[in-house]
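>>> Provided below for reference: sequence and predicted model.
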Amino acid sequence: MKIKQWFANRTIHAKLNLINGVVLLAAVLPIVCITLSYEYYSVRHSSLHEAGIQADIIRDNVAAAMAFADKESASEILLALRASPSVLQATLQLPDKEILAHYAKPGTAARPVTLEAELDEASVDWSTIRVSRQIFLKGNPVGWLLTETSLSPLYERLRLYLLVNFLSCLLGIAIAYPLSIRLKESITGPLSDLMAMARHVTTHQDYNPQQHTASSSNDEIGSLSRAFDNMLSNIRERDLKLSQMAYYDNVTGLTNRHYFMERLEQAVANTLRYGTRSCLIFIDLDDFKIVNDTHGHHVGDALLRAVSRHLSELLRDSDIVCRIGGDEFAVIIENIKDLKGPCILSRKIIDVLSRPMQVLEHEVVIGASLGISTCPDNAETMSDLLRTADMAMYQAKEKGKNRFCLYEPTIG
């Protein structure tokens, strides 16, 4: 926690210096370790393979000398190992475990190694490679060859490899350090400007985004600057968006009952003020409950969205369609001359909604009952217009559904 607190209290410049160092070590050390490990196992495997091949060659050449227990010839063959400075020693052992010949690297006093168990294999430890080969002549075993090879050349190569890596890292750091200074300045400069702007916004409660010019760069600083600019704009627009959300239905995306009531009140007021005529159409879906109960609410919601799309496609831009209830919709049409247009529209709505619809892999069939009332012919207040349109819609249902009815005083 103390380290975390200490780091949190550093300046951005100091943090970037520390981060650069930590990231550099985190990037370089795994690479060095992985490449060094790969080099070690690769060279060790190669050395093991070469030792095996060398033992196989000697085994083939010494078979006759072993069969006749010719010490002089066997010793001469082993002397050829002087050409391989990494070979420490080699021993030729007869089947009765008697040593026929032995070679030791010049300058060493290695004791002859003997085969305790009859194993034809190669093994390796941290310092040497041991290879044992059984010698045959015409299919008959005539003895054993044992060799011991030093891994010192391997470690010399690894030390050189490590030195080259170390020098390469130093060179990389020497090149990267001054470059990192420049890059840090390009980061801390815009950040300082952004911090000053944030303090200004906090102190003066000034959310006007025009006072802040977003960075045009495409890096993280530019993204942060543009995000800050967007945040200032979003703060101003937040209340507006929240008020808009209150007017829209979250299932269909149409305006909701709250918007409908305000808009209808305005339409009635305009109609009476300017001596025009407006029309209200109530739409109630037939058999929607059956679809909802049979296929589930998710299919019902999808069906409502499909109905909303159909209604929006049939209406003019100046007409208003709202979802005012579960399966109830309403259309407000202003400035009509007569009922010819609303009647034609109602027939189109009934025709479209009565067709089979494919909803979420289900084919559903519904209908619609429509009630039409006009202002000021049938009502001069919003409540009366709602009541008369609702009565006309229920009249359509009583007459068999999937039809529309115009309000008539006799209905009431």
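Arrived safely. Numbering: from 1, shown residues only.
>>> Do I have it right that residue 341 meets residue 333?
Yes: with contact defined as CB atoms under 8 Å, residue 341 reaches residue 333; the gap is 7.3 Å. From N, CA and C alone the C-beta is placed, and that goes for glycine too.
>>> Compare neighbour counts for these two and give me the winner.
residue 333 (22 against 14; other CB atoms under 10 Å).
>>> List the contacts of the residue lying closest to the more buried one once chain neighbours are set aside.
Spatially, and ignoring its direct neighbours in sequence, residue 333 is nearest to residue 279 (4.4 Å; CB to CB, 6 or more residues apart in numbering). Shown in contact with residue 279 (CB atoms under 8 Å, 6 or more residues apart in numbering): 332, 333, 334, 336, 339, 342, 372, 373, 374, 375.
>>> separation between the fifth one and residue 377?
To tie it back to what came earlier, the one meant is residue 339. Applying CB to CB, to the nearest Å, the value for residue 339 to residue 377 is 9 Å.
>>> Kindly report the same for the fourth one.
To residue 377, residue 336 is 10 Å away according to CB to CB.
>>> now swap in the first one and tell me
Residue 332 sits 15 Å away from residue 377 when distances are taken as CB to CB.
>>> Which of these two has more residues huddled nearby?
Neighbour comparison, residue 332 and residue 377: the larger count goes to residue 332, with 22 against 14 (by other CB under 10 Å).
>>> Could you give the average pLDDT over the helix or strand that one falls within?
Element membership for residue 332, per DSSP states H and E: strand 328-333. What strand 328-333 shows for mean pLDDT is 97.
>>> do stretch 273-289 as well
In this model, stretch 273-289 has a mean pLDDT of 95.
>>> Could you list the buried residues of that stretch?
Neighbour counts using 16 or more other CB atoms under 10 Å place 277, 278, 279, 280, 281, 282, 283, 284, 285, 286, 287, 288 of stretch 273-289 among the buried residues.
>>> So which residues of the stretch 1-150 of the chain form strands?
87-93, 99-104, 122-124, 128-137, 140-150 (DSSP state E, counting those that start in this stretch).
>>> Kindly report the same for the stretch 201-350 of the chain.
Along the stretch 201-350 of the chain, counting by DSSP E, counting those that start in this stretch, strands occupy 278-286, 320-323, 328-333.
>>> name the helices or strands packed onto the second one?
Translated: strand 320-323. When contacts are defined as 3 or more CB pairs under 8 Å, 6 or more residues apart in numbering; DSSP states H and E, strand 320-323 sits against helix 257-274, helix 297-314, strand 328-333.
>>> I'd like to know which elements the second one is packed against.
When you say that, I think you mean helix 297-314. Checking 3+ CB pairs under 8 Å, 6+ apart, helix 297-314 ends up next to helix 288-295, strand 320-323, strand 328-333, helix 340-353, strand 357-359, strand 362-364.
>>> go with 7 Å
Here helix 297-314 touches helix 288-295, strand 320-323, helix 340-353, strand 357-359, going by 3 or more CB pairs under 7 Å, 6 or more residues apart in numbering; DSSP states H and E.
>>> how close does residue 237 sit to residue 320?
According to CB to CB, residue 237 stands 24 Å off from residue 320.
>>> same question, residue 347
From residue 347 to residue 320 the distance is 20 Å (CB to CB).
>>> for residue 294, same thing?
Look at residue 294 and residue 320: by CB to CB, they are 32 Å apart.
>>> And the strands of the stretch 1-150 of the chain: which comes nearest residue 399?
Closest of the strands of the stretch 1-150 of the chain to residue 399 is strand 122-124, at 98.3 Å (criterion: CB to CB).
>>> What strands flank that closest one, and is each parallel or antiparallel?
Strand 122-124 pairs in its sheet with strand 128-137 (antiparallel), by DSSP bridges.
>>> buried stuff in the strand it pairs with?
Of the residues in strand 128-137, those buried (16+ other CB under 10 Å) are 128, 129, 130, 131, 132, 133, 135.
>>> picking that back up, please work out which of the helices and strands packed on strand 320-323 is packed deepest.
Ranked by mean neighbour count under mean count of other CB atoms under 10 Å, the helices and strands packed on strand 320-323 are led by strand 328-333, which reaches a mean of 23.
>>> helices or strands next to it in the packing?
Strand 328-333 sits against helix 257-274, strand 278-286, strand 320-323, with contacts defined as 3+ CB pairs under 7 Å, 6+ apart.
>>> How many neighbouring residues does the closest residue to residue 224 other than its chain neighbours have?
Closest residue in space to residue 224, ignoring its immediate chain neighbours: residue 194 at 6.7 Å, by CB to CB, 6+ apart. For residue 194, the count of nearby residues is 17 (other CB under 10 Å).
>>> ok, now which ones touch residue 194?
By CB atoms under 7 Å, 6 or more residues apart in numbering, residue 194 lies in contact with 224, 225, 228.
>>> Show me which residues of stretch 142-153 are buried.
Residues of stretch 142-153 classed as buried: 142, 143, 144, 145, 146, 147, 148, 149, 150, 151 (neighbour count, 16+ other CB under 10 Å).
>>> Next: stretch 92-106.
92, 93, 100, 101, 102, 103, 104, 105.
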